[in-house]
Structures are given as structure tokens and as C-alpha cells.
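>>> using only what follows, build the 3D model:
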Amino acid sequence: MLQQGRGQVDGRTARALRTREAIVDAAIALVEEGDIRPTAPRVAERAEVSVRSVFQHFDDLESLYAAVADGLLERVAGLVSTIDSSAPLPVRIERFVAQRGRLLEAITPIRRAANVHAPFSPEITERLRSGHEFFTGEVEQAFSPELDRLQEPERGELLDALAVTVSWSSWETLRVLDGSTQARARRVLERALAALLVQVP
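Here you go, the predicted model:
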């Protein structure tokens with residue numbers, strides 16, 4: 001009886017996990033299609049579950065949106081690899097921008113959604129802050145030879161300038177407001193990074 005009871009519990013747990021994943025996947029799909037603020041009924045319909053089921057697995061929409069952000073970031077994690085900081089500067093710039101461009105393009109749907117939710121959601125704001133710190137760390141690693149030749153406050157100011165240059169906001173400006181193709185946006189970022197880094201003594 002004990003074994004049977006454990007099996008029933010395990011089965012319920014597995015079904016609950018599948019339902020939760022289906023809800024998150026449905027919300028991700030809606031966000032990727034441009035629905036930056038999917039409602040519980042739309043998510044439920046897409047996941048083929050009830051609205052009640054959505055709120056059984058998530059306390060509120062804020063927690064669902066946070067799970068969506070986490071899920072999307074997991075999907076794009078494979079686009080990130082370490083840039084060899086010992087490579088020549090032009091090579092590092094080209095490799096870094098190629099990788100960053102792919103990543104920024106991939107996260108655009110969730111970033112657009114996050115910008116809508118962040119003012120009302122501490123959870124989303126915290127994820128944006130963590131993402132910014134991660135992206136800045138990538139910049140610091142790739143261009144450490146140049147950064148490490150400077151003392152504070154110049155080092156910190158250059159790091160911030162580099163991070164802003166290759167941020168999602170810059171990419172979105174190039175892609176949407178300037179109407180740049182991905183290739184042109186990458187060339188612009190390469191020029192900007194080179195202009196900042198070649199000035200380092």
C-alpha cells in the first residue's frame with residue numbers, strides 16, 4: 001500500500017510538473033509571437049488547460065511572467081561562449097559582436113515584454129538587473145587586457161561605456177528606430193567598440 005501510495009504521489013507530481021511546463025511554454029510562445037502581456041485566459045487556451053489551473057501553479061501573473069523570463073533565458077544560454085581574451089583586439093571585437101548580436105536578437109521578445117512589466121514587478125526588475133550584470137561581466141572578460149591597463153575611475157567608466165554600447169537598448173534602437181539589418185547593426189557595434197578601445201593607452 002505504501003509503495004502504491006508513493007507511486008500515486010509521484011504520478012501526480014509528474015503531471016503537475018508537465019502542466020506547469022505547458023503553461024510556461026504557452027506563455028513563451030505568445031511572447032515570442034508579439035503578445036508582450038499575455039492574459040491568463042490566452043495562456044490557458046494555448047496550453048489547453050483551465051484558467052483555474054494557471055493560478056493553481058502560479059500565485060499571480062507576475063510569478064508566471066518571471067517563470068517565462070527564466071525559461072527564455074535558459075533557451076538562449078547556448079548562444080553564450082567565452083571569448084578568448086588573449087586574441088588580438090580586432091578578432092575579439094568581431095567575435096564578441098557576432099555572439100552578442102545573436103543573443104540580443106534572440107532575447108528581443110522577452111526584453112520587450114520585460115520593459116512593460118518591470119515598472120510593476122520587482123521580480124522582473126531583479127531579473128533585468130541580473131541580466132545586465134551578466135552582460136557587463138561578459139564585456140569585462142572579453143576586453144580585460146584593455147580595461148586592466150586603466151585605473152579607477154577610468155576603468156569603470158570605460159567598462160560602462162562598452163556595456164552600454166552593446167546593450168539590448170542599443171541593439172533595439174539600431175534594429176527598430178534606425179531600421180538596420182542585423183548585419184548593419186553588428187557593423188555599427190564593431191565600429192563603436194573599436195573607437196572606444198583603440199584609445200586605451
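>>> how many neighbours does Thr181 have?
10 (other CB atoms under 10 Å). The C-beta positions use only the backbone N, C-alpha and C, and glycine is treated the same way.
>>> can you give me the helices for this protein?
2-32, 40-47, 51-57, 61-76, 89-117, 122-142, 144-147, 154-165, 168-172, 182-197 (DSSP state H).
>>> how about the last one: buried residues?
Of the residues in helix 182-197, Ala185, Arg186, Val188, Leu189, Glu190, Ala192, Leu193, Leu196, Leu197 count as buried by neighbour count, 16 or more other CB atoms under 10 Å.
>>> contact partners for the second one?
This points to Arg186. Taking CB atoms under 8 Å, 6 or more residues apart in numbering, we find Arg186 in contact with Val97, Ala98, Gly101.
>>> with neighbour count, pLDDT and distance to Asp59 added, can I get these in TSV?
Below are the contacts of Arg186 laid out as TSV (neighbours: other CB atoms under 10 Å; pLDDT from 0 to 100; distance: CB to CB, whole Å):
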residue	neighbour count	pLDDT	distance to Asp59
Val97	23	98	40
Ala98	14	96	40
Gly101	22	96	36
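>>> in CSV, list those residues along with distance to Asp148.
Formatted as CSV, these follow (distance: CB to CB, whole Å):
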residue, distance to Asp148
Val97, 21
Ala98, 24
Gly101, 25
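>>> tell me the one of those residues nearest Gly137?
Of all those, Val97 has the smallest distance to Gly137: 16.7 Å, by CB to CB.
>>> by mean pLDDT, show me the worst of the helices of the chain.
Note on these: helix 2-32 shows the lowest mean pLDDT, a mean of 77.
>>> could you give the angle of that helix to helix 40-47?
Counting by axes from the mean of the first three to the mean of the last three CA atoms, to 10 degrees, helix 2-32 lies at 110 degrees to helix 40-47.
>>> just checking, what packs against helix 2-32?
helix 40-47, helix 51-57, helix 61-76, helix 89-117 (3 or more CB pairs under 8 Å, 6 or more residues apart in numbering; DSSP states H and E).
>>> which elements pack onto the third one?
Okay, so that is helix 61-76. Contacts defined by 3+ CB pairs under 8 Å, 6+ apart place helix 61-76 against helix 2-32, helix 40-47, helix 89-117, helix 122-142.
>>> on that earlier part again, what's the closest of the contacts of Arg186 to Glu172?
Among the contacts of Arg186, and counting by CB to CB, the member closest to Glu172 is Gly101, at 12.1 Å.
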